[in-house]
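J.: turn this into a structure:
(chains A, B, C, D and E)
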Amino acid sequence: MAFGLFLGSIFISTDNYAIFVSVSSLIMVVGGTLASTFLGQEARYVMLALRGMLSIFGVHRMGRNVLNNDVGRIIRWGYVAQKSGLIALDAEAKKVEGDDFLSFGMEMLLTSYAGDEIRANLTSVADTAFERNMVPANILRGMGATAPAFGMIGTLVGLIIMLDNMGSDPKQLGPGLAVALNTTLYGVILARMIFIPAANKLTQRWQIMRFRHELILEGLSMLADRKNPRYIQDRMNSYLDPAIRFDIDKQMKEAGG
Amino acid sequence: MAFGLFLGSIFISTDNYAIFVSVSSLIMVVGGTLASTFLGQEARYVMLALRGMLSIFGVHRMGRNVLNNDVGRIIRWGYVAQKSGLIALDAEAKKVEGDDFLSFGMEMLLTSYAGDEIRANLTSVADTAFERNMVPANILRGMGATAPAFGMIGTLVGLIIMLDNMGSDPKQLGPGLAVALNTTLYGVILARMIFIPAANKLTQRWQIMRFRHELILEGLSMLADRKNPRYIQDRMNSYLDPAIRFDIDKQMKEAGG
Amino acid sequence: MAFGLFLGSIFISTDNYAIFVSVSSLIMVVGGTLASTFLGQEARYVMLALRGMLSIFGVHRMGRNVLNNDVGRIIRWGYVAQKSGLIALDAEAKKVEGDDFLSFGMEMLLTSYAGDEIRANLTSVADTAFERNMVPANILRGMGATAPAFGMIGTLVGLIIMLDNMGSDPKQLGPGLAVALNTTLYGVILARMIFIPAANKLTQRWQIMRFRHELILEGLSMLADRKNPRYIQDRMNSYLDPAIRFDIDKQMKEAGG
Amino acid sequence: MAFGLFLGSIFISTDNYAIFVSVSSLIMVVGGTLASTFLGQEARYVMLALRGMLSIFGVHRMGRNVLNNDVGRIIRWGYVAQKSGLIALDAEAKKVEGDDFLSFGMEMLLTSYAGDEIRANLTSVADTAFERNMVPANILRGMGATAPAFGMIGTLVGLIIMLDNMGSDPKQLGPGLAVALNTTLYGVILARMIFIPAANKLTQRWQIMRFRHELILEGLSMLADRKNPRYIQDRMNSYLDPAIRFDIDKQMKEAGG
Amino acid sequence: MAFGLFLGSIFISTDNYAIFVSVSSLIMVVGGTLASTFLGQEARYVMLALRGMLSIFGVHRMGRNVLNNDVGRIIRWGYVAQKSGLIALDAEAKKVEGDDFLSFGMEMLLTSYAGDEIRANLTSVADTAFERNMVPANILRGMGATAPAFGMIGTLVGLIIMLDNMGSDPKQLGPGLAVALNTTLYGVILARMIFIPAANKLTQRWQIMRFRHELILEGLSMLADRKNPRYIQDRMNSYLDPAIRFDIDKQMKEAGG
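T.: All right, here's what the predicted structure looks like:
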């Protein structure tokens, strides 16, 4: 799409694509950025960041439906708990075992933790998970600042070599400068096309995840406090976009149907 | 107005307007900015941001009158509730059904929620609405930083092509450079004339909206706590510019007239 | 003073002052900055910001004496209230009617609001006043960032025109570049000499105002809680520079004299 | 030391030191920076900032010993208060009269303020003192950003004059540019060698001072609450570097010896 | 690794490595950066920062195992305390004497401090330790901003000398500029390869240390409140990555084996 337009507009302007290909420029920018990153960060986190870069090509799995489903499920649990007690949620807990956060919360709910304790523990889980997940995003953001710096370093190296060689022939200045500027170009493109978008995507993903965690911890702590389902629905809906608010009456028909 | 002056001062300086028109430059800047933005953000939010850009031409609907009216309405409700109980506000609730925030709050008020619960729920609504609304503003702000970067990328691409072609004819340097600089020009103008003002306008609009939400949630929670109307007026007025503070006595005449 | 030195050092360096005068450059920078600002902000606030710019020439009315007087007045009121009850402050309230903040607080004090309620309401007044007042300061700060950008835009426009016209006569490059650079010069000077100092001055003024508001709300809420005057003095003094702390014993002599 | 190395490396590179001396450049940078600062800030604060600049040559009086002494003194007072009541600290209060903060706190302690009240008042003193002290540091930091801008302004002025004069003799470009660049050089050196280090030094000094204030207010409020000295020691030590923690037993020997 | 690639790509591009070696450039950048840093910071902290620079070559000792061990130990202590009272932890306290934080906490635990008091004191220890440890990291970050500025200063100095000497021989411009640009190159490389990575590494290390401190203070304060070990495990696990959560039942077998 837009990316094609961008490349297309380059192709239109010149026939000599080869001048934009420079292996040593690429090595200098990528190598320098990686070297600087590995020197300043744990290797394990850098690996996570590099893997996170692939995320910009992926489709994001968690949309508004997921949030709506979570809310619906918790309200339904509220009705079950109202009728048959929290113990009746045991079967539900088994269904969500694949979901770390939800099953950790359900376990506490079934062990009769108070609402405040569930809220405190799940807040810790949500906060530390968010902090851990933001480390690779922040590393990518750092790489987005480092890459143009190494682009500039490469251009300076190229300029110094060129100026030193130039001797008495100013006609060489053009092509030499063209090669030197390639490194700056690579640095800025890498930053703006890969590192910064990937950092943004990861940040956005984990912010939505954290929002979901807050929604669930709010819901589970209300279940533990045995709030009535309508109260739970109003509280949960207060977090949602009016357009996707949950309607207990429709849900009742399904549940009672 | 000022925008005309700006264009006028360009027209004065040259007759050759064509040198400022470069389709490939425009494609490179706009395409690159969009590509980078779509890579880093959910498509749905980018679309909202692009639609939000139109807002810089729109007139802002919510002025100081709206705030003053909201305050007046809530104080009037205070008198109604004092005389005939909260249940008497049922008719009023129907009148505000078009307003998501107010009708959500009224519903809770009529369901006998306590002031604290109304405050907690409406605070969630106001906070999450603000966060959701700021996403497009932040995307536009990001585009305001991305556009000049792609302007620079385009200029680098233009420079490299030009320097490579230049060969032995330095006289070509002038016009070639002129074309290359166009991309930088486009990037900076797009950022300063479109993306950043649009981001500012959206930010300002949603901050005022949030302020209105705080005003209303404060008022409704006082209604739920059955505060007396003069107390409500003093509390509400404490949020308003002294010049538009609400005067209960004038209001009384209207209400009692 | 220093401003004269700055201009003087320019006058020393050249006789040809005319090269620094360029109406189209000025129009481009000022027009562009205004256009971008009006697009992104409510016109009403921009007008306030432009009026606020004049403040850099004004003398600041609120010095340390004002704060000291406020503290003294509140302590004196403490003695009056201790002897004859809060009702005795009625006459004092009339004297401060010109001062929105103080008279709003006094009114609540005389209506028997509790200390906590006075604190809550006056905190709202102080916070919202500060936020409202900072809007023009922030607009000016934004203009301080926008002006150099339009300076750069103007220089790019000038460069492109010049490079395009240059044709085969490199001797023209000098004067053409001189004119183009004027726009950058104007942008940076406008930012550093007008917009940023004005933003700083407004920020500082409203921060001092807010500090005064905090001082007064602290004092009035202690009066409402019927604290003894020595307690009030210690509390108030804890906000003041040791050099201007208020001494109750000197004050007593005046009051009792 | 390092400063000498820096100057030395310049001296090595050239014999013609005169080219680095330009009175009009210095006037332009210093004058412009001062003009911009005086326009944006109260003159009284700018004077404090300029006086604060001298601090970068001074030796900092408050080291770790001072903190350790303060802690020791408060623990000793704890023993005195345990044996003979707070009134026995009267003599100690006289000894610290030169120290505004400590004597303000001791006075409250001897007037039988509660621990919470002492903490609240001393926190106000510490916070407002810190805010007041940071004003000159922030002005210096602002000057560190303004000086390079005026360096750039000066260079632009120089460039415009030079380009305009250049006429048909490109050989003049070299020396003219050398003079113009001096202003940028002055701006950056002033910022990096004077304004920013001075701002850092002042910031650091007042942060340490604030830390000491927190230590003392914590100690005095524990004295007011009649905590036992070992408890006070553990609390105070929790603020100190393990290497300089205070050992009550050694202290006891001295005190009891 | 990546660092080698970076150097390799330089070696490929030129044979004349000598042009990148300039003692006076190095002295100017390093000397200027050190001078500016020593002027603005306490010498003692700068020394710590320089020593901290070596950390980028070191392997980080504290991984996820350490955190897991800490959690396991605290849960085991919970069982011991449940069976035999807190006094039974006396032997454990001796084992951790090398660890300042843990032994300070154990001492308070054995002196029968309440959970809240332990939490307050250990929070002070963790916060002040973190602040102290961040000082060198922030100095390094400041050096990362100062080094490129001195690189630019050096280049300006070199340019001025060169332009002044150039006289009538433009052929000298090339090599002279090459030498001048070396200083910029050194400044950027020092910043990106040494100062900024070292600052990041130190920041990361102390953030992990602080996280460990929070984990331990949470655990010890629960021990002081005599919480049951399963409750402690759930609370502690809420801080950990699900992948390394601690399982009390496995632990029981070991403990009971």
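J.: what's the separation between the residue most central in space within chain A and A:Ala49?
T.: In chain A, the centroid-proximal residue (Cα atoms, centre = their mean) is A:Leu202; its distance is 1.6 Å. Counting by Cβ to Cβ, to the nearest Å, the gap from A:Leu202 to A:Ala49 is 8 Å. Every residue, glycine included, has its C-beta placed from N, CA and C.
J.: shared neighbours of these two, anything?
T.: Residues touching both A:Leu202 and A:Ala49 by Cβ atoms under 8 Å, 6 or more residues apart in numbering or on different chains: A:136-137, A:140.
J.: highest neighbour count among those residues?
T.: Of all the shared contacts of A:Leu202 and A:Ala49, A:Leu140 has the most neighbours under the rule other Cβ atoms under 10 Å in any protein chain shown, reaching 29 neighbours.
J.: does the lengthiest helix in chain A come close to chain D?
T.: When chain A is parsed with DSSP state H, its longest helix is helix A:115-166. No. With Cβ under 8 Å from any Cβ of the partner chain as the criterion, chain D is not reached by helix A:115-166; the gap is at least 15.9 Å.
J.: which other helices and strands contact whatever helix or strand comes next after that helix?
T.: Later in the chain than helix A:115-166, the nearest helix or strand by DSSP states H and E is helix A:173-190. If you count contacts as 3 or more Cβ pairs under 8 Å, 6 or more residues apart in numbering or on different chains; DSSP states H and E, helix A:173-190 packs onto helix A:23-40, helix A:115-166, helix B:115-166.
J.: pLDDT below threshold where in the stretch 1-150 of chain A?
T.: A:1-18, A:56-64 (pLDDT under 70).
J.: wait, does stretch A:141-159 make contact with chain B?
T.: No. Stretch A:141-159 lies out of reach of chain B by Cβ under 8 Å from any Cβ, never closer than 8.6 Å.
J.: any residue of that stretch touching chain E?
T.: Yes. Judged by Cβ under 8 Å from any Cβ, stretch A:141-159 and chain E are in contact via A:142, A:146, A:149-150, A:152-153, A:156-159.
J.: in those residues, which residue is surrounded by the most others?
T.: Neighbour-wise, the residues of stretch A:141-159 next to chain E (other Cβ under 10 Å) top out at A:Phe150, 30 neighbours.
J.: and A:Gly115, how many neighbours?
T.: Neighbour number of A:Gly115 under other Cβ under 10 Å is 18.
J.: A:Pro242 too?
T.: 12.
J.: so it sits right up against B:Asp100, yeah?
T.: Yes. Counting by Cβ atoms under 8 Å, B:Asp100 is a contact partner of A:Pro242 at 4.5 Å.
J.: who's in contact with A:Met53?
T.: Counted by Cβ under 8 Å, 6+ apart, A:Met53 has contacts A:140, A:194-195, A:198.
J.: do you know how far it is from chain E?
T.: The gap separating A:Met53 from chain E is 16 Å, by Cβ to the nearest Cβ, to the nearest Å.
J.: for the helix or strand that residue falls within, which positions count as buried?
T.: Here A:Met53, judged by DSSP H and E, is contained in helix A:43-53. In terms of neighbour count (16 or more other Cβ atoms under 10 Å in any protein chain shown), helix A:43-53 has its buried residues at A:45-46, A:48-50, A:52-53.
J.: same check, this time on stretch A:65-82
T.: By neighbour count with 16+ other Cβ under 10 Å, stretch A:65-82 contains the buried residues A:67-68, A:70-82.
J.: could you do stretch A:198-208 as well?
T.: When burial is assessed from 16+ other Cβ under 10 Å, stretch A:198-208 yields the following buried residues: A:198-208.
J.: could you dump it to CSV, C-alpha only?
T.: Taking Å, rounded to 0.1, in the frame of the first residue of the first chain, the C-alpha atoms of stretch A:198-208 are listed here in CSV:
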residue,chain,number,x,y,z
ALA,A,198,7.8,-1.8,15.8
ALA,A,199,8.3,0.0,19.2
ASN,A,200,4.9,1.8,18.7
LYS,A,201,3.2,-1.5,17.8
LEU,A,202,4.6,-3.3,20.8
THR,A,203,3.7,-0.4,23.1
GLN,A,204,0.2,-0.3,21.8
ARG,A,205,-0.3,-4.1,22.1
TRP,A,206,0.9,-4.2,25.7
GLN,A,207,-1.2,-1.2,26.7
ILE,A,208,-4.3,-2.9,25.4
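J.: is it positioned near chain E?
T.: No. Stretch A:198-208 stays clear of chain E (Cβ under 8 Å from any Cβ), getting no nearer than 14.0 Å.
J.: which residues does that stretch contact?
T.: A:52-53, A:55-56, A:60, A:62, A:130, A:133-134, A:136-138, A:140-141, A:144, B:39-42, B:142.
J.: which among those residues end up buried?
T.: Buried, going by 16+ other Cβ under 10 Å: A:52-53, A:55-56, A:133-134, A:136-138, A:140-141, A:144, B:39-42, B:142, out of these.
J.: how about A:Glu92, nearest residue that isn't a chain neighbour?
T.: In this structure, A:Glu92 finds its nearest non-sequential neighbour in A:Trp77, 6.1 Å apart by Cβ to Cβ, 6 or more residues apart in numbering or on different chains.
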